[in-house]
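S.K.: heads up, no residue letters with this:
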């Protein structure tokens, strides 16, 4: 034991111990359901198929004896503790919702308590310790099912992200998708329509009682284009790879959050949902923790971050943006020699006036990488020659500028350039009456290169 403690941190040792426990559980309870490289697809007709992640090939239907006729089965989750699948045999709440369990060892179904949802449940999974099941319906209602008690709790219907965006509306407009839980108890949420999708993370511990609102971490912007069809499922393998399925095709989500097409399912239309029987502790190559950007003097910004699960890592590029869309590399911080947990810091000696956006781009030795969450710092106390009003604005904004030959650019929240205006010394009036309601960023660049950013709201 002394030799082991020298090689592993306390946290690493605990993870190793938990992994051993889960492996033991899987071997003792229906371990044949957890073959390496296999995930499970639930068709909308209620059939459960084992699927190879390498080829997309589907095996024979597991529940060969059907429960009843349906065309809206969804929200499947597999419980590694008791070896039972939980899902909605009929996910529609049009008066015929039916939540069931299926035991593949006994080929037996049980009709369970009715969920307190108000719309179709497209997203569902079992938690990592096998005590409960979570689902999200098309009206963004997150519910928890206590397996032992056969009871439901409505957790919340209100969601935001780290940027204070309204995720509730996203979950309604991108109602398809799925949820899955990792070995640390974090929930991964895919939202999807036929044209757009996003990925969010709800950090552990997951709530089991009602809460007013929930804050998610946005990992993939929900405006990201789908491959032409909505995503219906998400699943993990033991190595922490993320697999996502449309109705007919299987994809893997890379560490840089890009998608790679793996295969078409050998049986068309089998993926109404996905689940796995793996609860990996590390989903991405590096897990960012405690990312921060702060300024104490309005002249410099200190960017710091911690990482866990650091492995085969080259280092970190610190990136800055004035609009949250276009990014510039400020510098590179080499990876510390030891694997595992580490903390880093970088100082930006030339931040811009107004809002500064920062993120960390982690790069592995093989060139792959991931991005951290985005942090913002607003430098508003430095004396400057630029003033903008009114805010919010309906018809026009006014910019007070004391220099000729300055340029004002207005950007949308997505980073698109809306307009560009050359300013004169004095008060400049800029029409915004044609802009849609929402938030915009004004970037003013003076002739000497100094820039100033300010957000305003168009009413």
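M.R.: Nice, thanks for sending it over. Keep in mind that what you see is a predicted model, and the values were worked out from it rather than measured.

S.K.: how's the chain carved up into domains?
M.R.: Here the domain parsing of the chain from automatic domain parsing is 31-275, 287-379, 386-458.

S.K.: Just name the most buried of these.
M.R.: domain 31-275 (a mean of 19; mean count of other C-beta atoms under 10 Å). Quick note: C-beta positions are derived from backbone N, CA and C, even for glycine.

S.K.: what's the offset of that domain from the middle of its chain?
M.R.: Averaging C-alpha positions (C-alpha atoms, centre = their mean, to the nearest Å) puts domain 31-275 14 Å from its chain's average.

S.K.: With stretch 351-361 instead?
M.R.: 22 Å.

S.K.: can I assume residue 165 is in contact with residue 221?
M.R.: No - using C-beta atoms under 8 Å, residue 165 is not in contact with residue 221; the gap is 9.8 Å.

S.K.: quick revisit: reformat the domains of the chain into TSV and put mean pLDDT next to each item.
M.R.: Shown next, in TSV, are those (pLDDT from 0 to 100):
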stretch	mean pLDDT
domain 31-275	93
domain 287-379	82
domain 386-458	85
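
S.K.: May I see those domains arranged in a markdown table, with distance to residue 281 as well?
M.R.: Listed next are the domains of the chain as a markdown table, based on distance: least, C-beta to C-beta, whole Å:
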| stretch | distance to residue 281 |
| --- | --- |
| domain 31-275 | 4 |
| domain 287-379 | 8 |
| domain 386-458 | 34 |
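
S.K.: so what's residue 262 closest to, chain neighbours aside?
M.R.: residue 250 (4.7 Å; C-beta to C-beta, 6 or more residues apart in numbering).

S.K.: do residue 426 as well
M.R.: Distances taken as C-beta to C-beta, 6+ apart place residue 401 nearest to residue 426, at 7.0 Å, with adjacent residues excluded.

S.K.: Ok, residue 413 next?
M.R.: residue 439 (5.2 Å).

S.K.: Could you do residue 37 as well?
M.R.: residue 53 (5.3 Å).

S.K.: From residue 245, how far out is that neighbour?
M.R.: Computed as C-beta to C-beta, to the nearest Å, the residue 53 to residue 245 distance reads 10 Å.

S.K.: re earlier: ok, the helix or strand where the residue nearest to residue 262 lies: who's next to it in the sheet?
M.R.: Using DSSP states H and E, residue 250 sits in strand 249-253. Strand 249-253 has the following sheet partners, assigned by DSSP bridges: strand 242-245 (antiparallel), strand 259-264 (antiparallel).

S.K.: And the helices in this protein?
M.R.: Residue ranges of the helices in the chain, as given by DSSP state H, are 2-7, 10-28, 167-173.

S.K.: Which of those helices comes out lowest on mean pLDDT?
M.R.: Across the helices of the chain, helix 2-7 has the smallest mean pLDDT, namely a mean of 34.

S.K.: hang on, the earlier thing: and the residue nearest to residue 413, how far is that from residue 432?
M.R.: 12 Å.

S.K.: Identify the contacts common to those two.
M.R.: residue 458 (C-beta atoms under 8 Å, 6 or more residues apart in numbering).

S.K.: May I see the strands paired with strand 249-253 organised as CSV, with distance to residue 278 added?
M.R.: Output for these, formatted as CSV (distance: least, C-beta to C-beta, whole Å):
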stretch, distance to residue 278
strand 242-245, 11
strand 259-264, 17
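
S.K.: nearest to residue 409, of those strands?
M.R.: For residue 409, the closest of those is strand 259-264, at 31.9 Å, according to C-beta to C-beta.

S.K.: can you list contacts of the closest one?
M.R.: Outside strand 259-264, the residues that reach it (C-beta under 8 Å, 6+ apart) are 53-57, 227, 243-244, 248-254.

S.K.: OK, contacts around residue 39?
M.R.: With C-beta under 8 Å, 6+ apart, residue 39 has these contacts: 50, 51, 53, 235, 237, 243, 274, 275, 276.

S.K.: The third one and residue 250 touch, don't they?
M.R.: Yes - applying C-beta under 8 Å, one finds residue 53 in contact with residue 250, separated by 6.9 Å.

S.K.: intersection of neighbour lists for those two?
M.R.: 243, 262.

S.K.: just to revisit the earlier point, which residues pair with the residue nearest to residue 413 across the strands?
M.R.: With DSSP bridges as the rule, residue 439 is bridged to residue 457.

S.K.: same check, this time on residue 40
M.R.: residue 50, residue 275.

S.K.: wait, isn't it in contact with residue 48?
M.R.: Yes - using C-beta under 8 Å, residue 40 is in contact with residue 48, at 5.9 Å.

S.K.: joint contacts of those two?
M.R.: 62, 76, 85.

S.K.: Which single one of these is nearest to residue 320?
M.R.: residue 76 (42.8 Å).

S.K.: Do I have it right that the closest one meets residue 48?
M.R.: Yes - counting by C-beta under 8 Å, residue 76 does reach residue 48; the two are 7.1 Å apart.

S.K.: Need the residues touching each of those two.
M.R.: 40, 42, 85.

S.K.: could the residues you listed go into a markdown table alongside distance to residue 292?
M.R.: Shown next, in a markdown table, are the shared contacts of residue 76 and residue 48 (distance: C-beta to C-beta, whole Å):
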| residue | distance to residue 292 |
| --- | --- |
| 40 | 40 |
| 42 | 41 |
| 85 | 42 |
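
S.K.: so which of those comes closest to residue 328?
M.R.: Among those, and counting by C-beta to C-beta, the member closest to residue 328 is residue 40, at 44.1 Å.

S.K.: contacting residues for that closest one?
M.R.: Applying C-beta under 8 Å, 6+ apart, we find residue 40 in contact with 33, 48-51, 62, 76, 78, 85, 235, 274-277.

S.K.: For the stretch 51-200 of the chain, which segments count as strands?
M.R.: Using DSSP state E, counting those that start in this stretch, the strands of the stretch 51-200 of the chain run over 74-79, 84-90, 98-103, 108-111, 121-126, 132-137, 142-146, 151-156, 159-161, 176-181, 187-192, 196-202.

S.K.: In JSON lines, list the ones you listed along with distance to residue 427.
M.R.: Below are the strands of the stretch 51-200 of the chain laid out as JSON lines (distance: least, C-beta to C-beta, whole Å):
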{"stretch": "strand 74-79", "distance to residue 427": "58"}
{"stretch": "strand 84-90", "distance to residue 427": "61"}
{"stretch": "strand 98-103", "distance to residue 427": "63"}
{"stretch": "strand 108-111", "distance to residue 427": "71"}
{"stretch": "strand 121-126", "distance to residue 427": "52"}
{"stretch": "strand 132-137", "distance to residue 427": "50"}
{"stretch": "strand 142-146", "distance to residue 427": "50"}
{"stretch": "strand 151-156", "distance to residue 427": "47"}
{"stretch": "strand 159-161", "distance to residue 427": "37"}
{"stretch": "strand 176-181", "distance to residue 427": "49"}
{"stretch": "strand 187-192", "distance to residue 427": "44"}
{"stretch": "strand 196-202", "distance to residue 427": "41"}
